[in-house]
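Engineer: coords please:
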Amino acid sequence: MSDMVRVVDHPLVQHKLTLMRERGTPSAVFRQLLREISFLLAYEVLRDLPTASKTIETPIAEMQAPVLSGKKLVLVSILRAGNGLLDGMLDLIPSARVGHIGLYRDPETLAAVEYYLKLPDHICERPVIAVDPMLATGNSASAAIGRLKQAGARDIKFACLLAAPEGIAAVGKAHPDVHVYTAAIDSHLDDHGYIVPGLGDAGDRMYGTK
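Structural biologist: Just a heads-up that it's a prediction; the model follows:
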């Protein structure tokens, strides 16, 4: 596995992922589990955030204590399913700036087609985390990361729930400088570009659509 890929194999993450994979899990439970997993994923994705020291007074004594430094980071949701990961990460870092990239997968070519883009200012000065539950073909992730780079982003990570080897390879080829964080790497893609064994279409399962 590439050094640019990190599998977050914490037992709580894996347990919740198993519940999400099950066919009979209702949409409301699926959304809640995704939010909880994204909260846990965020700990690993944000492990190297820069810090500075400040003087504070505890009830006992004065001390130098660490605080986050630099520009506030940016979370970018790849619509629509990315909002499920976004919500949990915002629970942990509510001051983060938020961007959205709207992409859909052409059913014939599987290519990513952009229909919406809204990003915060000064993205070139901020760490950016792009989020989408599924890294399948890698087309959407690669396109989204490419648009972020066009907007000036230089420090980019990608976080997902599930990844396929094909998607990891595609992102690694297009963007070898971007670290990928995922809860699991599954076997392969089927003929329709779905991850196997996967969990189905994350957006449909989140919102109860077909």
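Engineer: make it CA atoms for all contacts and neighbour counts henceforth
Structural biologist: Noted.
Engineer: what segments of this protein are helices?
Structural biologist: 11-21, 27-45, 82-92, 139-150, 165-174, 202-207 (DSSP state H).
Engineer: could you dump these to JSON lines with mean neighbour count, mean pLDDT and distance to residue 63?
Structural biologist: JSON lines is the format used below for these (neighbours: other CA atoms under 10 Å; pLDDT from 0 to 100; distance: least, CA to CA, whole Å):
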{"stretch": "helix 11-21", "mean neighbour count": "16", "mean pLDDT": "96", "distance to residue 63": "34"}
{"stretch": "helix 27-45", "mean neighbour count": "20", "mean pLDDT": "93", "distance to residue 63": "25"}
{"stretch": "helix 82-92", "mean neighbour count": "22", "mean pLDDT": "91", "distance to residue 63": "25"}
{"stretch": "helix 139-150", "mean neighbour count": "20", "mean pLDDT": "94", "distance to residue 63": "39"}
{"stretch": "helix 165-174", "mean neighbour count": "19", "mean pLDDT": "96", "distance to residue 63": "43"}
{"stretch": "helix 202-207", "mean neighbour count": "19", "mean pLDDT": "88", "distance to residue 63": "46"}
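Engineer: let's have those in JSON lines, adding distance to residue 125.
Structural biologist: Shown next, in JSON lines, are the helices of the chain (distance: least, CA to CA, whole Å):
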{"stretch": "helix 11-21", "distance to residue 125": "31"}
{"stretch": "helix 27-45", "distance to residue 125": "18"}
{"stretch": "helix 82-92", "distance to residue 125": "20"}
{"stretch": "helix 139-150", "distance to residue 125": "12"}
{"stretch": "helix 165-174", "distance to residue 125": "22"}
{"stretch": "helix 202-207", "distance to residue 125": "31"}
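Engineer: looking at these, which is closest to residue 122?
Structural biologist: Proximity to residue 122 (CA to CA) singles out helix 139-150 among these, at 11.7 Å.
Engineer: hang on, the earlier thing: out of the helices of the chain, flag the one nearest residue 124.
Structural biologist: helix 139-150 (8.6 Å).
Engineer: contacts for the closest one?
Structural biologist: 78, 101, 103-105, 110-112, 130, 132, 135, 156, 158, 167, 170-171, 174-175 (CA atoms under 8 Å, 6 or more residues apart in numbering).
Engineer: so it versus helix 165-174, what angle?
Structural biologist: 20 degrees (axes from the mean of the first three to the mean of the last three CA atoms, to 10 degrees).
Engineer: isn't residue 95 right up against residue 72?
Structural biologist: Yes - with contact defined as CA atoms under 8 Å, residue 95 reaches residue 72; the gap is 7.2 Å.
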